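Asker: Okay, sequence plus prediction incoming.
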Amino acid sequence: MIWSVSWRNVWRNKTRSMVIITAIALGVFAGVYTIAFMFGWINQRINAVINTEISHIQVHHPEYIETNDVHNYIPDIKTIQSAAENKTQVKAASSRVLSTCMISSAETGSGVQLVGINPDQEQQVTNLHEKLVEGNYFEETKKNQLVIGKKLADKLKVKLRSKVVVTLTEMDGTLTGGAFRITGIYQTANSEYDERKAFVRASDLKRLINIDEKAGHELAILLKENNMEQKVADQLKTEFSNLEVMSWLEIMPDMKMMNESMNLMMYIFVVIILLALGFGIVNTMLMVILERIKEIGMLMAIGMNKIRVFSMIVLETIYLSLTGGVIGIALAVVLTAITGKTGLDLSLWAEGLNSLGFDAVIYPEIGFDAVIVVTFLVILTGVIAAIYPARKAIKLKPADALRIEM
């Protein structure tokens, strides 16, 4: 009975109830959609790091990360690659040859990292071949092909089919070079990556720097699912203790810090919204009690105990919170589903976002667990906000309450 009485009490003053429900719905909507936006934003960056730039795990010579020296290579990288590919969690692996070099065009030059790859292996590990805006991702028969980023192409003032000269150092320290033709131009969401990474066939680069066919500087490993990188990395560290095995979080600790910062900001934002909702609910319920002092006194006088009065006030608050919360969550989920497909276009700030590695089109996303947590927090906020008004109601003395003229 107390449940139905509380529900009817909510709608005794429809205008006031609708105002507070609308306020709760808008607050919850803003909170949930902000969470979805932040999740989508940071997850897009993480996916770009894993699927385009780094992969889940990389293996190097112990001194290579600090020095980037061409002499710090893995003598038999093919063996390491085979061992990695045999693990059930590993989807694919690709060995690379790396060299810092100068790329010169007829207009200017720029220092970049030249990455020698096996295109067939690389396509299984990264999605760079999907980021091409011009040309092809390495034609089968031609030698000395070069794939560069659009930012680097603009800097060098070159276009597709242009010829550039690559200058680098051989294994014995001799300065050498070669002419390469640009056969592909790619563009990712990270303009810094586009400017400093250029790709050639591993066989072409090995010939230039005069390194053994079995050798390599980097092994990139893509896993079948996320959140397994540390486990697999630890296994590889045990098997190859003489090598540096690092997950993407270890290679890019700034991403871990950014992810944690985003989560902290999200929690702070949600707490602020819930606090605002809580104070709004307290204010509304205090008004309700002041208007119904005589009625509450009458109920207590005819035998309704304090627990039932307390429960009635709390249930009214929960009904208000739950109704507004469900409406707000439903609106946020619908908008998230729509913009998750169409994307939010932030091209006005594209240059700044790309310089930080973020895409200018954000696809919000939210998990079912996050929706459940927000729903629980809204109900909890309603319960906590109801305690003070409910306690005020049960402290009323029936005799005094009945003498009050409304």
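Answerer: Received, thanks.

Asker: show me where pLDDT drops low in the chain?
Answerer: Applying pLDDT under 70 to the chain picks out residues 1, 5, 9, 290-305, 393-406.

Asker: mind giving me the domain ranges of it?
Answerer: As given by automatic domain parsing, the domain ranges for the chain are 2-49+256-403, 55-251.

Asker: I'd like those as JSON lines, with mean neighbour count appended.
Answerer: C-betas here are computed from N, CA, C, even on glycine. Below are the domains of the chain laid out as JSON lines (neighbours: other Cβ atoms under 10 Å):
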{"stretch": "domain 2-49+256-403", "mean neighbour count": "17"}
{"stretch": "domain 55-251", "mean neighbour count": "18"}
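
Asker: Y363: what's it in contact with?
Answerer: G40, Q44, T339, G340, K341, G343, L344 (Cβ atoms under 8 Å, 6 or more residues apart in numbering).

Asker: just checking, what packs against whatever helix or strand K231 lives in?
Answerer: Using DSSP states H and E, the element containing K231 is helix 229-239. For helix 229-239, the helices and strands in contact under the criterion 3 or more Cβ pairs under 8 Å, 6 or more residues apart in numbering; DSSP states H and E are strand 57-60, helix 77-85, strand 218-223, strand 244-247, helix 248-251.

Asker: Make JSON lines out of the ones you listed and add distance to I182.
Answerer: Output for the helices and strands packed on helix 229-239, formatted as JSON lines (distance: least, Cβ to Cβ, whole Å):
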{"stretch": "strand 57-60", "distance to I182": "27"}
{"stretch": "helix 77-85", "distance to I182": "27"}
{"stretch": "strand 218-223", "distance to I182": "23"}
{"stretch": "strand 244-247", "distance to I182": "31"}
{"stretch": "helix 248-251", "distance to I182": "28"}
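
Asker: and E139, helix, strand or coil?
Answerer: coil (DSSP: H, G, I helix; E, B strand; the rest coil).

Asker: Which other helices and strands does the strand ranked longest in the chain contact?
Answerer: Using DSSP state E to define each element, the chain has its longest strand at strand 90-104. Packing partners of strand 90-104 (3+ Cβ pairs under 8 Å, 6+ apart): helix 77-85, strand 109-117, helix 119-125, helix 150-156, strand 163-169, helix 202-209, strand 218-223.

Asker: Can I get those in a markdown table including distance to F358?
Answerer: Listed next are the helices and strands packed on strand 90-104 as a markdown table, based on distance: least, Cβ to Cβ, whole Å:
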| stretch | distance to F358 |
| --- | --- |
| helix 77-85 | 30 |
| strand 109-117 | 22 |
| helix 119-125 | 22 |
| helix 150-156 | 15 |
| strand 163-169 | 29 |
| helix 202-209 | 31 |
| strand 218-223 | 22 |
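
Asker: quick one: which of the ones you listed is nearest I57?
Answerer: Across the helices and strands packed on strand 90-104, I57 has its closest neighbour in strand 218-223 (4.2 Å, Cβ to Cβ).

Asker: hang on, the earlier thing: could you list which of the contacts of Y363 belong to strands?
Answerer: Using DSSP E, the contacts of Y363 in strands are L344.

Asker: would TSV of the contacts of Y363 with distance to D194 be doable?
Answerer: Below are the contacts of Y363 laid out as TSV (distance: Cβ to Cβ, whole Å):
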residue	distance to D194
G40	22
Q44	16
T339	26
G340	26
K341	27
G343	21
L344	23
